[in-house]
Every structure is written in C-alpha cells, then in structure tokens.
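> Pasting a predicted model and its sequence here:
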Amino acid sequence: MASAAVLLLAACDQKPAPVATPPAPPTVQKNYTVLFDTGKATLSPEAVSTVAQAANSFKTSGGRAVAVSGHTDTTGTPQFNLKLSQQRAMTVQAELQRNGVPGPAIAALGYGEQNLPVKTGNNVPDQRNRSVDIVISERAPEALMSDTDYCRRLSAVYRRYRTNQIDQDAAEAMSKCETPDAASAIPVLEQALGNMKIALPARNVPRS
C-alpha cells in the first residue's frame, strides 16, 4: 500500500509537457518599383502598368498593407528632392487608389536623397534612385501612430538628446507636427536623429 501511494503521488507531481506554440506565419511581401524621369513626378505608361500590377496583387493575394516610399537621385538640392520624392509617392498612392486599393491601407512617404535604393555620391543621376518602391504585405500590420503623433514622438526624442542647440531644419520640421503638413516633417526628423546616431522610436501604437 505504501509503495502504491508513493507511485500515485509521484504521478500527480508530474506536470504535463508544455504544448509548443506554433510560430506566427512569416510576413509575405511583394515588391514593385516605379521609375521616373529626371525632375518629374508623372507616371509613364510603363509606370502606370507597374502600379496596376501592384494593385492587382494586393486585391488578389489578401494584401493588408502597402508601403510606398518615394526617392530621388542626388542631383539638385536636398530641399527640392525631398518635395519631389513626396510628390512621387503621392502620385503612386493616388494611382493605387484609382486601381482599387483602399486609402487607409497605404502608407506613403517621400525620403528625398535619404535611404536611397542605390548609395551614390552627390550629383549622381542614378535612374534606380528616381523611383517609388511599393511593398505589399499580406499580414495585418500593427496599428501605427498618425503622422502627427509620430512627428511628436520624433520631436520629443530629438529634444531629449539635443538640449543645447537645435538645428534649423529640425526646428522647422518640429513646428510642422501640429499642422496638416506633419508627414513632410517625419523624414527630416528621422534623418536628424540618424545623424546623431540615435535609434528611431517605434511607430506602432503601444498596446493597452
């Protein structure tokens, strides 16, 4: 009887093996590149076809989010190129929407001469950099902050580390956070933090 009781207690003390949690399915991304003529933000017939392919892929493959990133080459001034890259991104966004991609699924930003697909020196007219990259994600992304809220977060990080003297471009960008032009300030502040070797803050909305 004593031996049976010991065996019974030992069996009760054994914990069931943990059930392995299956890994989350990987994010599937599809990439498209739209090229532009020098100094232009209008779509060529070939570019229109590429955007249509991207839109069709979004609609037929369960796409949930589209990232649109505008670029320029390094000819011209950085200020002009930043605006030109934003115009290119907006042009592609409008064409995606015309082809049936819902506006809330698209995040469009222009980066000017920053984050170039092909790293070059100044005044290099590389065609690959005169482009907009379209990345379609088939998994639902985390909720992201609005342009205004993310601009505020970037500003707070910048002020935390740059307490003595604020760069004029950064100051002008921070002043746009409370305006409808907040999106144009984001690449400027991201670049300012990058120049200071400071990691960018996350843009996802914190979970409650």
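Right, received. Where do you want to start?
> for this protein, which spans come out with low pLDDT?
1-27, 139-142, 206-208 (pLDDT under 70).
> 80 instead?
Scanning the chain for pLDDT under 80 picks out the ranges 1-28, 62, 138-144, 163-166, 204-208.
> ok, longest helix in the protein?
Criterion DSSP state H: the longest helix present in the chain is helix 78-98.
> Please name the residues that touch Gly76.
39, 84 (CB atoms under 8 Å, 6 or more residues apart in numbering). (Each C-beta comes from the backbone N, C-alpha and C, glycine too.)
> ok, 10 Å please
If you count contacts by CB atoms under 10 Å, 6 or more residues apart in numbering, Gly76 has them with 38-39, 84, 112-113, 123, 125.
> Same question for Arg159.
Arg159 neighbours (CB under 10 Å, 6+ apart): 166, 170, 174.
> you'd agree the last one is up against Asp181?
No. Shown here, Met174 and Asp181 do not form a contact pair, counting by CB atoms under 10 Å, at 11.9 Å.
> Among the two, which residue is more densely surrounded?
A side-by-side neighbour count of Met174 and Asp181, using other CB atoms under 10 Å, places Met174 first with 22 against 14.
> one step back: and the contacts of Gly76, which of them are buried?
Buried by 16 or more other CB atoms under 10 Å: 84, 112-113, out of the contacts of Gly76.
> Just the closest of those to Gln29, please.
Relative to Gln29, the closest of the buried ones among the contacts of Gly76 is Gly112; by CB to CB it sits at 23.5 Å.
> In space, what's closest to the closest one - neighbours in sequence excluded?
Leu82 (3.5 Å; CB to CB, 6 or more residues apart in numbering).
> and the one you found, what is it in contact with?
Counting by CB under 10 Å, 6+ apart, Leu82 has contacts 70, 72, 110-114, 184, 187-188, 191.
> And it, how far from Pro187?
7 Å (CB to CB, to the nearest Å).
> Spell out which residues make up each domain of this protein.
For the chain, the structural domains run 29-137, 147-195, going by automatic domain parsing.
> wouldn't Ala47 be in contact with Glu95 here?
Yes. Ala47 is within contact range of Glu95, at 8.2 Å (criterion: CB under 10 Å).
> Overlap of the contact sets of these two?
Joint contacts of Ala47 and Glu95 (CB under 10 Å, 6+ apart) are 34, 132.
> Nearest to Thr148 among the contacts of Gly76?
Among the contacts of Gly76, and counting by CB to CB, the member closest to Thr148 is Gly112, at 20.7 Å.
> Send over the longest helix of the chain as PDB, restricted to the C-alpha atoms.
Output of helix 78-98 as PDB, limited to C-alpha atoms (Å, rounded to 0.1, in the frame of the first residue of the first chain):
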ATOM      1  CA  PRO A  78      18.100  68.300 -50.800                       C
ATOM      2  CA  GLN A  79      15.100  70.500 -50.200                       C
ATOM      3  CA  PHE A  80      13.800  70.200 -53.800                       C
ATOM      4  CA  ASN A  81      14.400  66.500 -53.800                       C
ATOM      5  CA  LEU A  82      12.500  65.900 -50.600                       C
ATOM      6  CA  LYS A  83       9.400  67.600 -52.000                       C
ATOM      7  CA  LEU A  84       9.900  65.800 -55.300                       C
ATOM      8  CA  SER A  85      10.000  62.400 -53.600                       C
ATOM      9  CA  GLN A  86       6.800  63.300 -51.700                       C
ATOM     10  CA  GLN A  87       5.100  64.200 -54.900                       C
ATOM     11  CA  ARG A  88       6.200  60.900 -56.500                       C
ATOM     12  CA  ALA A  89       4.900  58.900 -53.500                       C
ATOM     13  CA  MET A  90       1.600  60.800 -53.600                       C
ATOM     14  CA  THR A  91       1.200  60.200 -57.300                       C
ATOM     15  CA  VAL A  92       1.700  56.400 -56.900                       C
ATOM     16  CA  GLN A  93      -0.700  56.400 -53.900                       C
ATOM     17  CA  ALA A  94      -3.400  58.100 -56.000                       C
ATOM     18  CA  GLU A  95      -2.900  55.600 -58.800                       C
ATOM     19  CA  LEU A  96      -3.100  52.700 -56.400                       C
ATOM     20  CA  GLN A  97      -6.400  54.000 -55.100                       C
ATOM     21  CA  ARG A  98      -7.600  54.600 -58.600                       C
END
